[in-house]
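Asks: all I have is the shape, not the residue letters:
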(Lines give C-alpha, C1' and ligand atoms only; values in the text may rest on other atoms or scores of the structure.)
Protein backbone atom coordinates (compact mmCIF):
# COMPACT_ATOMS: atom_id res chain seq x y z
CA UNK A 1 0.00 0.00 0.00
CA UNK A 2 1.60 3.36 -1.01
CA UNK A 3 2.61 5.54 1.88
CA UNK A 4 1.82 9.00 0.52
CA UNK A 5 -2.01 8.75 0.84
CA UNK A 6 -1.59 7.46 4.41
CA UNK A 7 0.65 10.34 5.38
CA UNK A 8 -1.63 12.92 3.74
CA UNK A 9 -4.69 11.56 5.52
CA UNK A 10 -2.95 11.47 8.90
CA UNK A 11 -1.43 14.92 8.60
CA UNK A 12 -4.03 16.82 6.58
CA UNK A 13 -4.83 19.12 9.50
CA UNK A 14 -1.34 20.53 9.63
CA UNK A 15 0.03 23.58 7.83
CA UNK A 16 1.87 22.69 4.60
CA UNK A 17 5.20 24.23 3.67
CA UNK A 18 5.84 24.48 -0.05
CA UNK A 19 8.77 22.39 -1.25
CA UNK A 20 9.09 24.26 -4.52
CA UNK A 21 11.76 26.37 -2.85
CA UNK A 22 14.90 24.26 -2.31
CA UNK A 23 15.50 26.12 0.95
CA UNK A 24 12.12 25.12 2.35
CA UNK A 25 13.74 22.86 4.92
CA UNK A 26 15.71 25.81 6.30
CA UNK A 27 12.56 26.88 8.07
CA UNK A 28 12.70 23.65 10.08
CA UNK A 29 15.04 22.86 12.89
CA UNK A 30 18.24 20.93 12.24
CA UNK A 31 17.76 17.19 11.93
CA UNK A 32 20.08 16.52 14.85
CA UNK A 33 17.92 18.65 17.16
CA UNK A 34 14.68 16.80 16.37
CA UNK A 35 13.96 14.42 19.23
CA UNK A 36 11.37 11.65 19.50
CA UNK A 37 10.70 9.92 22.80
CA UNK A 38 11.42 6.20 22.65
CA UNK A 39 8.38 4.04 23.32
CA UNK A 40 8.42 0.34 24.10
CA UNK A 41 6.66 -2.04 21.68
CA UNK A 42 5.72 -5.07 23.77
CA UNK A 43 4.71 -7.14 20.74
CA UNK A 44 8.05 -6.87 18.93
CA UNK A 45 9.93 -7.33 22.20
CA UNK A 46 7.91 -10.52 22.68
CA UNK A 47 9.09 -11.76 19.26
CA UNK A 48 12.70 -11.20 20.29
CA UNK A 49 12.07 -12.93 23.64
CA UNK A 50 10.61 -16.00 21.91
CA UNK A 51 13.84 -16.48 19.97
CA UNK A 52 15.94 -16.90 23.13
CA UNK A 53 15.62 -20.70 23.03
CA UNK A 54 16.64 -20.82 19.37
CA UNK A 55 19.69 -18.63 19.98
CA UNK A 56 20.78 -20.62 23.03
CA UNK A 57 20.46 -24.04 21.39
CA UNK A 58 22.15 -22.76 18.22
CA UNK A 59 25.15 -21.61 20.24
CA UNK A 60 25.50 -25.01 21.92
CA UNK A 61 25.12 -26.90 18.65
CA UNK A 62 27.69 -24.71 16.86
CA UNK A 63 30.09 -25.16 19.77
CA UNK A 64 30.02 -28.93 19.32
CA UNK A 65 30.08 -28.83 15.50
CA UNK A 66 33.18 -26.61 15.55
CA UNK A 67 35.12 -29.17 17.61
CA UNK A 68 37.53 -31.59 15.86
CA UNK A 69 35.52 -34.61 14.80
CA UNK A 70 32.39 -32.85 16.10
CA UNK A 71 32.82 -34.48 19.51
CA UNK A 72 33.56 -32.95 22.92
CA UNK A 73 33.87 -34.18 26.53
CA UNK A 74 30.85 -33.08 28.56
CA UNK A 75 33.10 -31.62 31.26
CA UNK A 76 34.76 -29.34 28.66
CA UNK A 77 31.37 -28.07 27.54
CA UNK A 78 30.40 -27.57 31.18
CA UNK A 79 33.36 -25.19 31.61
CA UNK A 80 32.08 -23.08 28.70
CA UNK A 81 28.61 -22.54 30.14
CA UNK A 82 29.25 -18.91 31.02
CA UNK A 83 30.48 -18.05 27.54
CA UNK A 84 27.53 -19.90 25.99
CA UNK A 85 25.17 -18.15 28.44
CA UNK A 86 23.81 -21.56 29.44
CA UNK A 87 21.98 -21.13 32.75
CA UNK A 88 21.53 -24.84 33.51
CA UNK A 89 23.99 -27.70 33.72
CA UNK A 90 24.89 -29.40 30.45
CA UNK A 91 23.24 -32.69 31.48
CA UNK A 92 20.02 -30.83 32.31
CA UNK A 93 20.14 -29.16 28.89
CA UNK A 94 20.69 -32.52 27.18
CA UNK A 95 17.74 -34.05 29.04
CA UNK A 96 15.45 -31.20 27.95
CA UNK A 97 16.38 -31.57 24.28
CA UNK A 98 16.91 -35.29 23.63
CA UNK A 99 18.03 -36.25 20.16
CA UNK A 100 20.42 -33.35 19.68
CA UNK A 101 23.43 -35.28 20.91
CA UNK A 102 24.45 -38.79 21.90
CA UNK A 103 26.48 -39.51 25.04
CA UNK A 104 29.18 -42.17 24.75
CA UNK A 105 32.30 -43.08 26.76
CA UNK A 106 35.74 -42.22 25.41
CA UNK A 107 39.21 -41.20 26.55
CA UNK A 108 40.59 -37.67 26.35
CA UNK A 109 44.11 -39.13 26.24
CA UNK A 110 45.10 -42.67 25.20
CA UNK A 111 45.74 -43.94 28.74
CA UNK A 112 43.27 -41.76 30.62
CA UNK A 113 40.02 -42.96 32.18
CA UNK A 114 36.80 -43.16 30.23
CA UNK A 115 34.67 -40.01 30.46
CA UNK A 116 31.31 -39.09 28.86
CA UNK A 117 31.60 -37.45 25.43
CA UNK A 118 29.03 -35.77 23.19
CA UNK A 119 28.55 -36.39 19.49
CA UNK A 120 25.90 -35.41 16.97
CA UNK A 121 22.68 -37.35 17.41
CA UNK A 122 20.55 -38.78 14.57
CA UNK A 123 17.92 -36.05 14.85
CA UNK A 124 20.53 -33.28 14.64
CA UNK A 125 22.30 -35.08 11.78
CA UNK A 126 19.04 -35.17 9.84
CA UNK A 127 18.61 -31.43 10.41
CA UNK A 128 22.15 -30.71 9.19
CA UNK A 129 21.41 -32.57 5.95
CA UNK A 130 18.16 -30.63 5.57
CA UNK A 131 19.98 -27.35 6.17
CA UNK A 132 22.47 -28.17 3.41
CA UNK A 133 19.58 -28.77 1.00
CA UNK A 134 17.86 -25.47 1.88
CA UNK A 135 21.10 -23.53 1.50
CA UNK A 136 21.80 -25.14 -1.87
CA UNK A 137 18.30 -24.25 -3.08
CA UNK A 138 18.74 -20.63 -1.94
CA UNK A 139 22.31 -20.03 -3.09
CA UNK A 140 21.17 -17.46 -5.70
CA UNK A 141 19.49 -15.51 -2.89
CA UNK A 142 22.73 -15.41 -0.87
CA UNK A 143 24.64 -14.27 -3.97
CA UNK A 144 22.09 -11.49 -4.49
CA UNK A 145 22.36 -10.41 -0.84
CA UNK A 146 26.16 -10.22 -0.98
CA UNK A 147 25.98 -8.28 -4.24
CA UNK A 148 23.50 -5.82 -2.78
CA UNK A 149 25.62 -5.24 0.34
CA UNK A 150 28.57 -4.39 -1.88
CA UNK A 151 26.55 -2.31 -4.33
CA UNK A 152 25.23 -0.06 -1.54
CA UNK A 153 28.72 0.60 -0.18
CA UNK A 154 30.66 3.75 -0.99
CA UNK A 155 33.47 2.11 -2.99
CA UNK A 156 31.71 -1.17 -3.80
CA UNK A 157 33.99 -2.98 -1.37
CA UNK A 158 33.41 -4.20 2.21
CA UNK A 159 35.74 -5.69 4.80
CA UNK A 160 35.59 -9.49 4.60
CA UNK A 161 35.95 -9.75 8.38
CA UNK A 162 32.89 -7.52 8.83
CA UNK A 163 30.87 -9.70 6.48
CA UNK A 164 31.92 -12.79 8.43
CA UNK A 165 30.78 -11.03 11.60
CA UNK A 166 27.26 -10.49 10.18
CA UNK A 167 26.86 -13.89 8.49
CA UNK A 168 24.27 -15.04 11.03
CA UNK A 169 22.17 -11.86 10.65
CA UNK A 170 21.95 -12.25 6.87
CA UNK A 171 21.82 -16.05 6.68
CA UNK A 172 25.21 -16.59 5.05
CA UNK A 173 26.87 -20.02 5.37
CA UNK A 174 29.66 -20.23 7.94
CA UNK A 175 32.26 -20.83 5.24
CA UNK A 176 30.81 -18.59 2.51
CA UNK A 177 34.18 -16.93 1.79
CA UNK A 178 35.64 -20.34 0.90
CA UNK A 179 32.63 -22.24 -0.45
CA UNK A 180 30.65 -19.51 -2.24
CA UNK A 181 32.87 -16.61 -3.34
CA UNK A 182 35.24 -18.69 -5.55
CA UNK A 183 32.24 -19.99 -7.51
CA UNK A 184 31.35 -16.48 -8.74
CA UNK A 185 34.57 -14.80 -9.97
CA UNK A 186 32.47 -12.71 -12.36
CA UNK A 187 30.79 -11.06 -9.35
CA UNK A 188 33.24 -11.07 -6.44
CA UNK A 189 36.93 -10.71 -5.77
CA UNK A 190 38.45 -11.55 -2.37
CA UNK A 191 41.50 -9.43 -1.60
CA UNK A 192 43.85 -10.33 1.27
CA UNK A 193 43.54 -13.05 3.90
CA UNK A 194 40.38 -13.12 6.07
CA UNK A 195 41.13 -13.01 9.78
CA UNK A 196 44.16 -10.76 9.44
CA UNK A 197 42.16 -7.53 9.51
CA UNK A 198 43.04 -6.38 5.99
CA UNK A 199 40.90 -8.53 3.73
CA UNK A 200 38.13 -7.16 1.54
CA UNK A 201 35.36 -8.44 -0.68
CA UNK A 202 35.15 -6.41 -3.84
CA UNK A 203 32.33 -6.17 -6.38
CA UNK A 204 33.58 -7.15 -9.84
CA UNK A 205 30.51 -6.41 -11.93
CA UNK A 206 27.38 -4.33 -11.40
CA UNK A 207 24.12 -6.24 -11.90
CA UNK A 208 21.20 -3.90 -12.69
CA UNK A 209 18.68 -6.52 -11.55
CA UNK A 210 20.17 -6.32 -8.04
CA UNK A 211 20.12 -2.51 -7.98
CA UNK A 212 16.44 -2.22 -7.06
CA UNK A 213 15.43 -1.87 -3.44
CA UNK A 214 12.47 -3.54 -1.75
CA UNK A 215 10.71 -0.16 -1.78
CA UNK A 216 11.19 0.25 -5.54
CA UNK A 217 10.13 -3.32 -6.32
CA UNK A 218 7.01 -2.85 -4.21
CA UNK A 219 6.02 0.35 -6.02
CA UNK A 220 6.56 -1.35 -9.40
CA UNK A 221 4.32 -4.24 -8.33
CA UNK A 222 1.62 -1.84 -7.12
CA UNK A 223 1.82 0.08 -10.39
CA UNK A 224 1.41 -3.15 -12.33
CA UNK A 225 -1.61 -4.25 -10.30
CA UNK A 226 -3.41 -0.89 -10.26
CA UNK A 227 -2.37 0.50 -13.64
CA UNK A 228 -1.42 3.73 -11.86
CA UNK A 229 2.18 4.84 -11.52
CA UNK A 230 3.10 4.68 -7.84
CA UNK A 231 6.07 6.59 -6.51
CA UNK A 232 8.38 4.64 -4.18
CA UNK A 233 7.53 5.42 -0.56
CA UNK A 234 8.10 4.04 2.92
CA UNK A 235 5.35 2.22 4.73
CA UNK A 236 4.68 4.02 8.02
CA UNK A 237 3.06 2.09 10.88
CA UNK A 238 3.07 4.19 14.03
CA UNK A 239 2.30 2.05 17.10
CA UNK A 240 -1.08 2.53 18.76
CA UNK A 241 -1.15 5.53 21.06
CA UNK A 242 2.08 6.96 19.64
CA UNK A 243 2.06 10.70 18.98
CA UNK A 244 4.62 13.11 17.58
CA UNK A 245 5.03 16.71 18.64
CA UNK A 246 3.78 19.30 16.17
CA UNK A 247 7.19 20.40 14.93
CA UNK A 248 8.21 16.79 14.42
CA UNK A 249 4.99 15.98 12.55
CA UNK A 250 5.57 18.92 10.23
CA UNK A 251 9.16 17.88 9.63
CA UNK A 252 8.17 14.27 8.90
CA UNK A 253 5.39 15.42 6.57
CA UNK A 254 7.73 17.55 4.49
CA UNK A 255 10.48 14.93 4.64
CA UNK A 256 8.09 12.29 3.32
CA UNK A 257 7.28 14.54 0.34
CA UNK A 258 10.91 14.44 -0.75
CA UNK A 259 11.63 12.03 -3.62
CA UNK A 260 12.77 8.57 -2.63
CA UNK A 261 16.53 8.11 -2.98
CA UNK A 262 17.63 4.58 -3.80
CA UNK A 263 20.32 3.11 -1.53
CA UNK A 264 22.03 1.91 -4.72
CA UNK A 265 22.37 5.41 -6.18
CA UNK A 266 25.48 7.57 -5.90
CA UNK A 267 25.22 9.73 -2.76
CA UNK A 268 28.64 11.40 -2.81
CA UNK A 269 27.09 14.75 -3.77
CA UNK A 270 24.69 14.82 -0.80
CA UNK A 271 25.44 16.89 2.28
CA UNK A 272 25.70 14.64 5.35
CA UNK A 273 23.36 16.91 7.36
CA UNK A 274 20.73 17.38 4.64
CA UNK A 275 17.17 15.96 4.68
CA UNK A 276 18.00 14.28 1.37
CA UNK A 277 20.88 12.41 3.00
CA UNK A 278 18.53 11.41 5.82
CA UNK A 279 16.15 10.08 3.16
CA UNK A 280 18.93 8.07 1.60
CA UNK A 281 20.18 6.75 4.97
CA UNK A 282 16.68 5.61 5.96
CA UNK A 283 16.54 3.83 2.60
CA UNK A 284 19.87 2.12 3.32
CA UNK A 285 18.70 0.88 6.72
CA UNK A 286 15.36 -0.23 5.30
CA UNK A 287 17.18 -2.25 2.63
CA UNK A 288 19.71 -3.71 5.09
CA UNK A 289 16.96 -4.86 7.46
CA UNK A 290 14.94 -6.22 4.51
CA UNK A 291 17.96 -8.33 3.53
CA UNK A 292 18.45 -9.65 7.06
CA UNK A 293 17.16 -13.04 8.11
CA UNK A 294 14.81 -11.84 10.88
CA UNK A 295 14.28 -8.28 9.56
CA UNK A 296 16.20 -7.02 12.57
CA UNK A 297 19.89 -6.41 13.32
CA UNK A 298 21.66 -5.31 16.52
CA UNK A 299 22.61 -1.64 16.28
CA UNK A 300 26.29 -2.25 17.21
CA UNK A 301 26.59 -4.56 14.19
CA UNK A 302 25.12 -1.91 11.88
CA UNK A 303 27.59 0.55 13.37
CA UNK A 304 30.49 -1.48 11.97
CA UNK A 305 29.50 -0.30 8.48
CA UNK A 306 29.51 3.45 9.13
CA UNK A 307 32.40 4.05 6.76
CA UNK A 308 31.13 1.78 3.97
CA UNK A 309 27.60 3.23 3.93
CA UNK A 310 28.44 6.84 4.91
CA UNK A 311 26.61 6.68 8.24
CA UNK A 312 27.03 9.41 10.82
CA UNK A 313 28.04 8.61 14.39
CA UNK A 314 24.52 9.58 15.50
CA UNK A 315 22.84 7.09 13.14
CA UNK A 316 20.96 5.22 15.97
CA UNK A 317 18.74 8.32 16.38
CA UNK A 318 17.23 7.54 12.98
CA UNK A 319 15.43 4.50 14.42
CA UNK A 320 13.56 6.61 17.00
CA UNK A 321 13.14 9.64 14.73
CA UNK A 322 11.37 7.41 12.19
CA UNK A 323 9.38 5.28 14.65
CA UNK A 324 6.75 4.50 12.03
CA UNK A 325 9.33 2.71 9.88
CA UNK A 326 11.67 1.25 12.50
CA UNK A 327 11.59 0.14 16.11
CA UNK A 328 14.65 0.07 18.34
CA UNK A 329 14.29 -2.67 20.91
CA UNK A 330 16.25 -2.58 24.17
CA UNK A 331 15.50 -6.22 24.97
CA UNK A 332 18.25 -8.08 26.85
CA UNK A 333 20.25 -4.88 27.14
CA UNK A 334 21.07 -4.80 23.42
CA UNK A 335 19.83 -2.12 21.04
CA UNK A 336 18.27 -3.88 18.07
CA UNK A 337 16.93 -2.13 14.96
CA UNK A 338 13.70 -3.75 13.74
CA UNK A 339 11.83 -3.22 10.48
CA UNK A 340 8.35 -2.53 11.78
CA UNK A 341 6.42 -3.48 8.61
CA UNK A 342 7.88 -7.02 8.73
CA UNK A 343 6.01 -7.83 11.97
CA UNK A 344 2.37 -8.19 12.86
CA UNK A 345 2.14 -8.04 16.62
CA UNK A 346 4.75 -10.58 17.77
CA UNK A 347 4.85 -12.60 14.55
CA UNK A 348 7.32 -12.19 11.70
CA UNK A 349 5.14 -12.05 8.59
CA UNK A 350 7.78 -11.11 6.02
CA UNK A 351 9.89 -14.26 6.17
CA UNK A 352 13.16 -14.70 4.34
CA UNK A 353 13.36 -17.97 2.34
CA UNK A 354 16.37 -18.95 4.49
CA UNK A 355 14.12 -18.63 7.54
CA UNK A 356 13.05 -22.20 6.75
CA UNK A 357 16.30 -23.34 8.39
CA UNK A 358 15.26 -21.73 11.66
CA UNK A 359 11.77 -23.24 11.36
CA UNK A 360 13.24 -26.73 10.85
CA UNK A 361 15.58 -26.25 13.80
CA UNK A 362 12.70 -25.20 16.07
CA UNK A 363 10.64 -28.20 14.91
CA UNK A 364 13.53 -30.46 15.94
CA UNK A 365 13.80 -28.75 19.34
CA UNK A 366 10.06 -28.89 19.94
CA UNK A 367 9.93 -32.58 19.06
CA UNK A 368 12.66 -33.42 21.55
CA UNK A 369 11.21 -31.09 24.19
CA UNK A 370 7.81 -32.78 23.90
CA UNK A 371 9.47 -36.14 24.49
CA UNK A 372 11.15 -34.75 27.60
CA UNK A 373 7.86 -33.31 28.90
CA UNK A 374 6.10 -36.64 28.32
CA UNK A 375 8.91 -38.53 30.08
CA UNK A 376 8.67 -36.09 32.99
CA UNK A 377 4.88 -36.58 33.15
CA UNK A 378 5.26 -40.37 33.23
CA UNK A 379 7.98 -40.11 35.87
CA UNK A 380 5.80 -37.94 38.10
CA UNK A 381 2.85 -40.30 37.65
CA UNK A 382 5.09 -43.27 38.54
CA UNK A 383 6.33 -41.52 41.69
CA UNK A 384 2.78 -40.59 42.65
CA UNK A 385 1.60 -44.19 42.12
CA UNK A 386 4.44 -45.57 44.25
CA UNK A 387 3.64 -43.07 47.01
CA UNK A 388 -0.03 -44.09 46.94
CA UNK A 389 0.91 -47.78 47.05
CA UNK A 390 3.23 -47.18 50.00
CA UNK A 391 0.48 -45.24 51.77
CA UNK A 392 -2.00 -48.07 51.15
CA UNK A 393 0.46 -50.65 52.48
CA UNK A 394 1.06 -48.57 55.60
CA UNK A 395 -2.66 -48.12 56.10
CA UNK A 396 -3.26 -51.86 55.61
CA UNK A 397 -0.54 -52.78 58.09
CA UNK A 398 -1.94 -50.39 60.68
CA UNK A 399 -5.45 -51.84 60.26
CA UNK A 400 -4.08 -55.37 60.70
CA UNK A 401 -2.25 -54.38 63.90
CA UNK A 402 -5.35 -52.70 65.31
CA UNK A 403 -7.46 -55.75 64.39
CA UNK A 404 -5.01 -58.15 66.05
CA UNK A 405 -4.94 -56.08 69.20
CA UNK A 406 -8.74 -56.03 69.38
CA UNK A 407 -8.97 -59.82 68.91
CA UNK A 408 -6.42 -60.35 71.70
CA UNK A 409 -8.41 -58.13 74.05
CA UNK A 410 -11.62 -60.13 73.38
CA UNK A 411 -9.85 -63.45 74.07
CA UNK A 412 -8.60 -62.16 77.43
CA UNK A 413 -12.17 -61.35 78.43
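Replies: Perfect, thanks for sending it. Since we're looking at a predicted model, the values are computed, not measured. Numbering: from 1, shown residues only.
Asks: next, count neighbours for residue 339.
Replies: Counted by other C-beta atoms under 10 Å, the residues lying close to residue 339 total 25. Heads up, the C-betas are built off the backbone N, CA and C, glycines and all.
Asks: count the residues that sit near the residue nearest to it when sequence neighbours are not counted.
Replies: Counting by C-beta to C-beta, 6 or more residues apart in numbering, residue 289 is the residue found nearest to residue 339 once chain neighbours are left out, at 4.0 Å. Residues within reach of residue 289, counting by other C-beta under 10 Å, total 24.
Asks: show me what secondary structure element comes after the helix or strand hosting residue 289.
Replies: Taking DSSP states H and E as the criterion, residue 289 maps to helix 275-291. Downstream of helix 275-291, the next assigned helix or strand under DSSP H and E is strand 296-298.
Asks: what's the separation between the residue nearest to residue 339 and residue 348?
Replies: Applying C-beta to C-beta, to the nearest Å, the value for residue 289 to residue 348 is 12 Å.
Asks: shared neighbours of those two, anything?
Replies: Here residue 289 and residue 348 share the contacting residues 295, 342, scored by C-beta atoms under 8 Å, 6 or more residues apart in numbering.
Asks: same for the longest helix along the chain, what does it pack against?
Replies: Longest helix in the chain by number of residues, with DSSP state H as the criterion: helix 355-412. In terms of contacts (3 or more C-beta pairs under 8 Å, 6 or more residues apart in numbering; DSSP states H and E), helix 355-412 is packed against helix 52-65, helix 90-96, helix 122-137.
Asks: how about those helices in a markdown table, adding distance to residue 152 and mean pLDDT?
Replies: Converted to a markdown table, the helices and strands packed on helix 355-412 look like this (distance: least, C-beta to C-beta, whole Å; pLDDT from 0 to 100):
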| stretch | distance to residue 152 | mean pLDDT |
| --- | --- | --- |
| helix 52-65 | 27 | 93 |
| helix 90-96 | 40 | 90 |
| helix 122-137 | 23 | 94 |
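Asks: which one of those helices lies nearest to residue 391?
Replies: Nearest to residue 391 among the helices and strands packed on helix 355-412 is helix 90-96 (29.0 Å), distances taken as C-beta to C-beta.
Asks: residues in contact with that closest one: which ones?
Replies: 60, 74, 77-78, 81, 86, 88, 100-101, 103, 118, 368-369, 372.
Asks: do that again at 6 Å, thanks
Replies: 74, 77-78, 372 (C-beta atoms under 6 Å, 6 or more residues apart in numbering).
Asks: tell me the mean pLDDT for the longest helix of the chain?
Replies: When pLDDT is averaged over helix 355-412, the result is 75.
Asks: near residue 125, how many other residues are there?
Replies: Using other C-beta under 10 Å, residue 125 has 14 neighbouring residues.
Asks: next one: it from residue 99, what distance?
Replies: For residue 125, the distance to residue 99 - C-beta to C-beta - is 10 Å.
Asks: residue 130 too?
Replies: To residue 99, residue 130 is 14 Å away according to C-beta to C-beta.
Asks: who has more neighbours out of the two?
Replies: Neighbour count, other C-beta under 10 Å: between residue 130 and residue 99, residue 99 has more, with 20 against 16.
Asks: SS state for that one?
Replies: Following DSSP: H, G, I helix; E, B strand; the rest coil, residue 99 is assigned to coil.
Asks: which residues touch it?
Replies: By C-beta under 6 Å, 6+ apart, residue 99 lies in contact with 121, 123, 368.
Asks: mind showing which ranges of the stretch 101-250 of the chain have poor pLDDT?
Replies: For the stretch 101-250 of the chain, the stretches with pLDDT under 70 are 195-197.
Asks: all helices of it, in order?
Replies: In the stretch 101-250 of the chain, the segments counted as helices under DSSP state H, counting those that start in this stretch are 122-137, 139-152, 160-165, 167-170, 176-179, 214-226, 246-257.
Asks: could I get those helices in a markdown table, plus columns for distance to residue 378?
Replies: As requested, the helices of the stretch 101-250 of the chain are exported to a markdown table (distance: least, C-beta to C-beta, whole Å):
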| stretch | distance to residue 378 |
| --- | --- |
| helix 122-137 | 20 |
| helix 139-152 | 44 |
| helix 160-165 | 45 |
| helix 167-170 | 38 |
| helix 176-179 | 45 |
| helix 214-226 | 50 |
| helix 246-257 | 59 |
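Asks: and of the ones you listed, who's closest to residue 48?
Replies: For the helices of the stretch 101-250 of the chain, the distance to residue 48 is smallest for helix 167-170, at 13.4 Å, taking C-beta to C-beta.
Asks: contacts for the closest one, please.
Replies: 145, 292, 297.
Asks: neighbours around the nearest residue to the first one once chain neighbours are set aside, how many?
Replies: Spelled out, that is residue 145. Of all residues not flanking residue 145 in the chain, residue 291 sits nearest, at 5.2 Å (C-beta to C-beta, 6+ apart). By other C-beta under 10 Å, 22 other residues sit near residue 291.
Asks: residue 68: neighbour count?
Replies: 6.
Asks: returning to that earlier point: so which of the contacts of residue 99 wins on neighbours?
Replies: Neighbour-wise, the contacts of residue 99 (other C-beta under 10 Å) top out at residue 368, 21 neighbours.
Asks: that one against residue 101, yeah?
Replies: No - Residue 368 is beyond contact range of residue 101, at 10.3 Å (criterion: C-beta atoms under 6 Å).
Asks: on that earlier part again, which of the contacts of helix 167-170 ranks first by neighbour count?
Replies: The most neighbours of any of the contacts of helix 167-170, using other C-beta under 10 Å, belong to residue 292, which has 23 neighbours.
Asks: wait, what's in contact with it?
Replies: So residue 292 contacts 169-170 (C-beta under 6 Å, 6+ apart).
Asks: which pLDDT does the model give residue 273?
Replies: Per-residue pLDDT puts residue 273 at 82.
Asks: in three-state terms, label it for me.
Replies: coil.
Asks: I'd like to know how far it sits from residue 314.
Replies: Distance from residue 273 to residue 314, by C-beta to C-beta: 10 Å.
Asks: now swap in residue 374 and tell me
Replies: Distance, residue 374 to residue 314, using C-beta to C-beta: 53 Å.
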